[in-house]
Structure formats: structure tokens, C-alpha cells
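Peer 1: Give the three-dimensional model of this entry:
(one chain, ligands or ions: 1)
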Amino acid sequence: MARTQDKDKDKIEISQYILHKVPREAEVTRIEYEGPMLAVYTKRPEILVDQSSVVAEIVGVIRKRIVIRPDPSVRIPEVEAEKITRELIAPEAEITDINFDPSLGEIIIETKKPGLVIGRNGAVLQEIIKKTKWRPHVLRSPPIKSKIVTHMRHYLHSESKERERILRTVGERIFRPKTYDVGDIRLTVLGGAQEVGRSCFLLKTRESSVLLDCGIHPGSNRPFESFPRFDSPEFQIDSLDAVVISHAHLDHCGLVPFLYKYGYDGPVYCSAPTSNLMTMLQLDYLDVANKQGVSPLYDQKDVRECVLHTIPLRFGVVTDIAPDIRLTLHNSGHILGGAMVHLHIGEGLHNIVYTGDYKFGRTMLLEAAATEFPRIETVITESTYSGPDDVVPSRVEAEEAITKVINQTLERKGKVLIPVPAVGRAQEIMLVIDGYMKRGMMKEAPVFIEGMISEATAIHTAYPEYLGREVRHSILHEEVNPFQSDYFTIVDHPRQRSSIMEGEPCIVLATSGMLEGGPVIEYFKNWASDERNSIVFVSYQIEGTMGRRVQKGIGEVTMMDNEGKMVALSVKMGVSTIEGFSGHSDRRQLVNYLTHLSPKPERIFVVHGEKQKTINFAGFLDNKAGINTVVPAPLETFRLL
Ligand SMILES: [Zn+2]
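Peer 2: Below is the predicted model of the structure:
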């Protein structure tokens with residue numbers, strides 16, 4: 001009871017301060033929590049937009065983000081608002097869709113050129129607010145149409161009432177008064193220690209509890225090893241404040257919908273591209289499981305709950321996620337939208353960087369991982385390629401190596417199969433193939449892109465601001481972007497496969513990247529026994545997967561045929577592994593990264609690596625850099641402060 005009164009008191013104090021600061025003529029009608037922000041509803045939103053310094057001053061004092069919302073009573077009718085908005089925006093901006101979100105008072109403008117809609121210093125947006133009393137929300141329409149992006153935008157729009165309820169509840173929880181002084185910071189490993197897979201770390205203070213990643217283990221079939229250890233006594237779903245997702249790979253986000261099935265009603269924080277990619281991969285995971293006759297732990301309804309509860313954050317924006325925890329995401333260089341997670345606990349009490357997966361080096365697709373943070377005491381780092389022999393060749397060497405394999409295979413009239421995870425490596429390889437064929441260094445041949453890869457590619461083109469400089473430039477400013485090159489043919493129906501399999505020499509990019517289901521299996525079964533063909537691995541193969549067995553040179557594999565019977569299949573095709581395309585850092589890059597971190601951390605937890613590698617790597621770091629290292633085991637809890 002005392003807590004409820006306190007909560008009201010807190011909000012009343014903040015509200016009174018805002019009312020006192022805001023010019024009277026703005027006519028503020030109410031102030032509400034909206035997720036990690038405060039929404040100020042006003043009858044004259046244009047006044048606060050004009051006087052943005054007033055808002056900045058308020059934010060500086062209350063240290064909470066503020067969003068200005070027009071009061072429902074002043075918004076002009078939607079039809080009229082749409083007409084005025086279209087008149088205010090230059091035709092070159094190419095509006096593709098306009099929608100309204102009545103619960104938030106937003107006019108959602110989808111356009112090919114968001115910059116033109118925003119105008120110089122936001123001038124056009126200010127005009128829209130002034131004339132329509134709706135708050136404009138500008139979204140980029142991808143140059144390649146993405147079903148996921150479109151569906152998710154429509155779904156969020158149709159559920160805006162429920163979304164409003166969720167944001168309000170989340171806000172009230174974040175800004176509840178602290179019951180205890182901040183302290184007793186504990187880290188419990190629920191998965192992803194001494195293994196690659198099921199990443200999941202629980203961070204608790206006396207006051208709050210946050211989950212970092214929530215993944216599955218793709219190489220394991222036993223439930224006990226496939227999923228995070230939610231049976232840990234430290235984990236209580238009812239007291240969970242937030243889930244933070246570093247990136248969209250299933251070993252980091254595959255089990256998030258499961259939390260909603262078991263009653264979690266709180267937020268998921270991640271970048272906007274991660275939200276789209278994660279939804280795509282979770283739906284595909286359900287699809288693959290159903291096709292294999294396995295019943296997954298959750299269904300599509302739970303994936304939709306996850307979408308409704310996701311609060312996308314931009315890199316570098318500090319956000320309150322619990323009464324004593326602030327979150328900031330930074331680029332990790334691993335895949336589109338992939339983030340390093342920085343947590344600031346208490347007022348300067350303790351700072352954690354959870355790296356997720358990262359690449360400390362530029363790739364064609366992304367910039368290198370961020371190294372500068374305001375403060376760091378504890379780092380939790382991945383160590384996938386941390387073994388002494390894990391030396392990844394340079395990009396140029398990797399590009400030359402794949403060109404050589406492809407040329408040799410095509411010359412002997414063979415076909416090239418490249419299993420790729422839909423997100424990241426696929427787009428990287430597409431850029432390489434397009435570039436080398438254009439320059440005449442790779443033999444020209446048709447390149448077939450299987451369905452989900454093209455969907456993931458479309459999502460990449462929706463977020464050029466997250467991509468590396470050159471790709472971003474070509475998506476924003478060139479007529480034909482490299483992902484839409486003439487060399488590529490998208491396979492959008494399984495019917496097309498048989499003619500590709502029996503046809504001329506060609507290159508196929510298909511999922512899954514580890515030969516665990518997906519269309520790649522069809523091609524593999526068809527092509528494996530012909531020695532003219534090649535399979536080229538360009539991504540990490542987790543122990544226990546079919547991909548790992550083929551990579552190690554197994555001569556015969558057992559697979560299910562079309563009638564569901566297990567048959568032996570001899571593997572005679574060429575098998576190559578090309579390391580340089582990895583989205584992970586190799587040992588040298590890991591060491592460089594961890595020793596270049598600014599400021600220098602006090603302690604490093606080494607996770608997300610095979611057991612022997614993590615132990616060896618931690619010892620090496622300890623000696624070389626003099627940093628206290630820890631190799632945690634699953635279910636272990638550590639007191640950080
Ligand atoms: Zn990953």
C-alpha cells in the first residue's frame with residue numbers, strides 16, 4: 001500500500017514540475033507513462049515543438065525522456081489530416097503509405113526518402129503538427145518489399161489499444177520508487193557458458209531483474225540442453241523487469257516467445273532491425289519444427305505477443321529499464337541491428353558490457369564493434385573463435401578463396417551450394433558474388449537466392465542507417481542497389497527447385513546455415529553424391545549439427561527421404577570451409593577488442609565458446625592483459641558488487 005502511494009507521489013511531483021515549466025498556453029491535459037518515456041498530452045503541441053529548449057531543460061532535470069502528444073480533442077479528422085500532410089510533403093519523397101495511430105495521436109508516414117519528409121531541421125514535420133495536430137512518425141519503405149516489415153507495422157497499428165496498455169504498465173513498473181538501496185548485483189548463467197548456444201544471462205539487483213538474451217541451442221535435441229535453465233531458483237518470471245536481446249540469431253532470441261506463454265507481460269528491448277529479423281526467424285523456427293514433426297515450445301500467438309511487447313531502441317540512446325538500471329545499445333558489427341548491451345546500475349554504482357556476438361573489424365556489410373563506453377567494470381564477452389588456432393584469414397583472402405572454389409566448380413560443370421544463415425552471412429556473400437562477377441573475376445552463372453534470405457535482404461534495405469558506409473550509400477543514392485543485381489534470381493516457391501537442381505551449373509544460397517532443415521537440405525540430398533559439385537561453408541558450424549559432420553569430411557550421412565524413411569547418402573561433392581566471412585572476431589580480434597576497451601574493465605566473464613577454448617582464452621587474457629577473468633559454468637551465480 002505504501003508503495004502505491006509513493007508511486008503516485010513520485011508521478012505527481014514530476015507532473016507538477018512539468019506543468020510549472022511548460023508555457024501555460026500549451027494547455028497540457030495529462031501526463032502518462034509510455035514505456036521508458038513520459039508522454040505529455042497537450043492541446044497545442046506546436047508550442048512545445050517550437051520551444052524544444054523548454055523540453056530539453058525539463059528532460060535535463062527529471063532525467064526521463066519526454067514525448068509530446070497531441071490531445072485527442074484537438075486532432076483534425078484523419079481524412080483531412082492525410083490530405084494536408086500529402087500537400088506539405090514534396091512529391092520526390094515518394095509516400096508509399098499513410099496510417100494513423102489514434103491511441104498515440106500519430107500519423108505514420110511511410111516513404112522512400114524519409115529525409116525529404118522531415119525537412120531541414122524538421123521544418124516539414126513541424127508544419128504537419130501545426131496544421132493537423134497529429135504527431136508525424138516517419139518510416140522508410142524498403143526498396144525491396146518485406147512481408148515481415150509490412151505485417152508487423154500493420155499488426156502494431158491494429159493493436160494500438162493493447163500496445164498503449166502495455167506501454168503504460170511498463171512505464172509504471174520502470175518508474176516505481178525503489179524499495180531498497182541499490183546493491184547486491186548478481187549474475188546468473190542460465191545458458192551459453194562453456195558452449196555456443198542458448199545464450200541467457202540473468203542480472204539481478206535487490207530491486208530488479210533483467211534477462212540478457214534468451215536463445216535456443218540448435219545442436220541439441222535434449223530439452224535439458226536445448227533451452228536456458230529456467231529451473232534455476234534465481235529465475236522468477238513474475239519479478240522479471242525486462243528482456244534485452246543483443247541480436248536476432250536464434251541462439252540469442254529463439255525462446256523469447258516462450259516467456260509470454262508463461263505469463264511474462266513485460267518489455268523486450270532491442271534495435272528496430274533486430275525486432276523484424278527476430279520475428280522472421282522465430283516464425284521460421286516454428287515452421288521448420290512443424291515440418292519435422294517436432295512440437296515447439298510456443299506458437300505464433302506467443303510470437304505476436306513478443307512483437308507487441310517489443311520496444312525498439314536506437315544505438316546510443318540511454319533508456320531507463322528498471323528503477324535502478326539504464327540501458328544503452330551500441331553497434332556490435334556482427335549482423336544487422338546487432339548490439340552490445342551497456343547496463344548502468346544505480347547512480348554510477350556498477351557498469352556492465354554484455355557483448356553478444358561481435359566483429360572487431362569492418363566487413364562489406366557493417367562497421368566494426370564499438371569500443372568506447374562511459375564506464376565499464378564488468379564485461380561478458382563471447383569467445384566463439386578464441387582458440388589459439390582460430391586465425392581468420394583477411395577479407396581479401398576469403399574473397400579470393402570463395403572465388404577460386406566457385407570458378408573451379410563451375411569449370412567442371414558442377415553446382416555450388418552455399419548453406420548460409422538467412423541473416424548476415426547471406427547478404428555478405430551476395431555482395432561479394434555481385435562485386436566479383438561484375439569485375440569479371442568470377443565466372444558468371446545464375447545465382448539462386450532461397451526465400452527467407454531474400455526476405456532478410458529486404459529488411460536490410462529498410463535500415464540503411466545501420467549498414468556500413470558504402471552499402472548504405474549505394475542503397476540511398478544508386479538506382480540499382482547491389483542486393484537487386486541482375487545475377488540474382490529469387491526462388492519464392494519450392495516448385496522452382498527441381499528445374500534448378502537438374503539445370504545448368506549454378507550457385508545456390510539457401511538456409512539453414514548448419515544443414516539443420518530448411519531448403520538447403522533438398523539441394524544437398526540432390527547434389528551430394530556428384531563429385532563435380534561443391535558445398536561451401538562460410539559460417540560457424542555448431543558441434544552436433546549435420547553441417548559440422550559434413551564439414552569434418554564424413555563420407556556418408558543418414559537423412560530422411562521424401563517418404564519419411566531414413567536413407568544413407570554418400571557425400572562425394574567437394575567440401576570447403578572459408579573462414580574469413582565470419583561475423584565473429586577471431587582470437588586476435590577478440591584480444592585487440594578486449595585490450596582496447598575504454599575504460600579498462602575490472603573483470604571479464606568469458607562465455608559463448610567451446611569449453612576448452614574459453615578456459616584457454618581466459619588464462620591467456622589473464623596473463624597478457626592482467627585482467628581478472630572468469631569462466632562461468634551453467635547455473636553458477638556471481639556477485640558483482
Ligand atoms: Zn550470432
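Peer 1: For whatever helix or strand Ile311 lives in, give me every contacting residue.
Peer 2: Per DSSP states H and E, Ile311 falls inside strand 310-312. Residues from elsewhere that reach strand 310-312 (C-beta atoms under 8 Å, 6 or more residues apart in numbering): Gly35, Pro36, Leu167, Val170, Pro267, Val268, Tyr269, Cys270, Ser271, Ala272, Thr274, Ser275. Placement of C-beta: from N, CA and C, glycine included.
Peer 1: could you redo the last one with a cut-off of 6 Å?
Peer 2: Gly35, Pro267, Val268, Tyr269, Ala272, Ser275 (C-beta atoms under 6 Å, 6 or more residues apart in numbering).
Peer 1: which ones among those residues are found in helices?
Peer 2: Using DSSP state H, the members of those that fall within helices are Ala272, Ser275.
Peer 1: got the end-to-end distance for stretch 408-421?
Peer 2: 24 Å (C-alpha to C-alpha, to the nearest Å).
Peer 1: And for stretch 551-561?
Peer 2: End residues of stretch 551-561 are separated by 21 Å (C-alpha to C-alpha).
Peer 1: Could you do stretch 86-96 as well?
Peer 2: First-to-last residue span, stretch 86-96, C-alpha to C-alpha: 11 Å.
Peer 1: burial of Gly236, as a residue count?
Peer 2: Not Gly; residue 236 is Gln. Residues near Gln236, counting by other C-beta atoms under 10 Å, number 12.
Peer 1: Now do it against Glu13, distance only.
Peer 2: Using C-beta to C-beta, to the nearest Å, one gets 31 Å for the distance from Gln236 to Glu13.
Peer 1: mind listing what's buried in the strand holding Ile311?
Peer 2: Thr310, Ile311 (16 or more other C-beta atoms under 10 Å).
Peer 1: ok, that strand: who's next to it in the sheet?
Peer 2: strand 268-270 (parallel) (DSSP bridges).
Peer 1: Quick one: name the residues of the chain near the ion.
Peer 2: His249, Asp357 (C-beta under 5 Å from the ion).
Peer 1: which residue sits closest to the spatially most central residue of the chain in space, ignoring its chain neighbours?
Peer 2: Taking C-alpha atoms, centre = their mean, the centroid of the chain lies closest to Thr274, which sits 2.4 Å from it. Nearest residue to Thr274 in three dimensions, chain neighbours excluded: Gly337, at 4.0 Å (C-beta to C-beta, 6 or more residues apart in numbering).
Peer 1: I'd assumed Met278 was in contact with the one you found.
Peer 2: No: assessed by C-beta atoms under 6 Å, Gly337 is found out of contact with Met278, at 8.8 Å.
Peer 1: Show me what the residue lying closest to Val520 once chain neighbours are set aside bridges to in the sheet.
Peer 2: Excluding the flanking residues, the one nearest Val520 by C-beta to C-beta, 6+ apart is Ala510, at 4.0 Å. Beta bridges link Ala510 to Pro419, judged by DSSP bridges.
Peer 1: Quick check: Ala510 vs Pro218, distance?
Peer 2: Ala510 is 16 Å from Pro218, by C-beta to C-beta.
Peer 1: between these two, who's got more neighbours?
Peer 2: Using other C-beta under 10 Å as the criterion, Ala510 and Pro218 rank with Ala510 on top: 27 against 23.
Peer 1: For the more buried one, which residues are in contact?
Peer 2: Taking C-beta under 6 Å, 6+ apart as the test, what Ala510 contacts is Glu450, Pro519, Val520.
Peer 1: One more pass at 7 Å, please.
Peer 2: Pro419, Glu450, Gly518, Pro519, Val520, Tyr523 (C-beta atoms under 7 Å, 6 or more residues apart in numbering).
Peer 1: who wins for most neighbours among those residues?
Peer 2: Most surrounded of the contacts of Ala510: other C-beta under 10 Å gives Pro419, at 31 neighbours.
Peer 1: what about it, distance to Glu367?
Peer 2: 26 Å.
Peer 1: ditto for His596
Peer 2: Distance from His596 to Glu367, by C-beta to C-beta: 15 Å.
Peer 1: what do you get for Arg176?
Peer 2: Counting by C-beta to C-beta - Arg176 and Glu367 are separated by 38 Å.
Peer 1: what do you get for Pro393?
Peer 2: Counting by C-beta to C-beta, the gap from Pro393 to Glu367 is 21 Å.
Peer 1: How many residues are close by the nearest residue to Gln51 once chain neighbours are set aside?
Peer 2: Leaving aside its sequence neighbours, Gln51 sits nearest to Pro23 (C-beta to C-beta, 6+ apart; 6.9 Å). The number of residues packed near Pro23 is 13, by other C-beta under 10 Å.
Peer 1: tell me the SS of the closest residue to the ion within the stretch 251-400 of the chain?
Peer 2: Closest contact between the stretch 251-400 of the chain and the ion, by C-beta to the ion, is at Asp357 (3.8 Å). At Asp357 the chain is in coil, as set by DSSP: H, G, I helix; E, B strand; the rest coil.
Peer 1: surely it meets His334?
Peer 2: Yes: Asp357 is within contact range of His334, at 4.4 Å (criterion: C-beta atoms under 7 Å).
Peer 1: shared neighbours of those two, anything?
Peer 2: With C-beta under 7 Å, 6+ apart, Asp357 and His334 have common neighbours His247, Gly583.
Peer 1: So His596 and Glu367 - more neighbours on which side?
Peer 2: Glu367 (16 against 11).
Peer 1: and the more buried one, helix, strand or coil?
Peer 2: Glu367 ends up coil, using three-state DSSP.
Peer 1: Quick check: chain neighbours aside, which residue is closest to it?
Peer 2: Using C-beta to C-beta, 6+ apart, the nearest residue to Glu367 is Gly468, at 5.4 Å.
Peer 1: Quick check: pLDDT value at the one you found.
Peer 2: Looking at Gly468, its pLDDT stands at 92.
Peer 1: just Val22 next, same as before
Peer 2: The model's pLDDT for Val22 equals 88.
Peer 1: in stretch 387-395, what counts as buried?
Peer 2: Buried residues in stretch 387-395 (16+ other C-beta under 10 Å): Gly387, Asp390, Val392, Arg395.
Peer 1: Pretty sure the third one sits in a helix.
Peer 2: No: assessed with three-state DSSP, Val392 is coil; it does not lie in a helix.
Peer 1: nearest spatial neighbour of it, skipping sequence neighbours?
Peer 2: Asp586 (3.7 Å).
Peer 1: so how many other residues sit close to the one you found?
Peer 2: 23.
Peer 1: just Lys611 next, same as before
Peer 2: 12.
Peer 1: Can you tell me the closest non-neighbouring residue to it?
Peer 2: Using C-beta to C-beta, 6+ apart, the nearest residue to Lys611 is Gln194, at 4.1 Å.
Peer 1: Give me the pLDDT for the one you found.
Peer 2: 94.
Peer 1: Next up, the contacts around it.
Peer 2: Taking C-beta under 7 Å, 6+ apart, one finds Lys611, Thr614, Val631, Ala633 in contact with Gln194.
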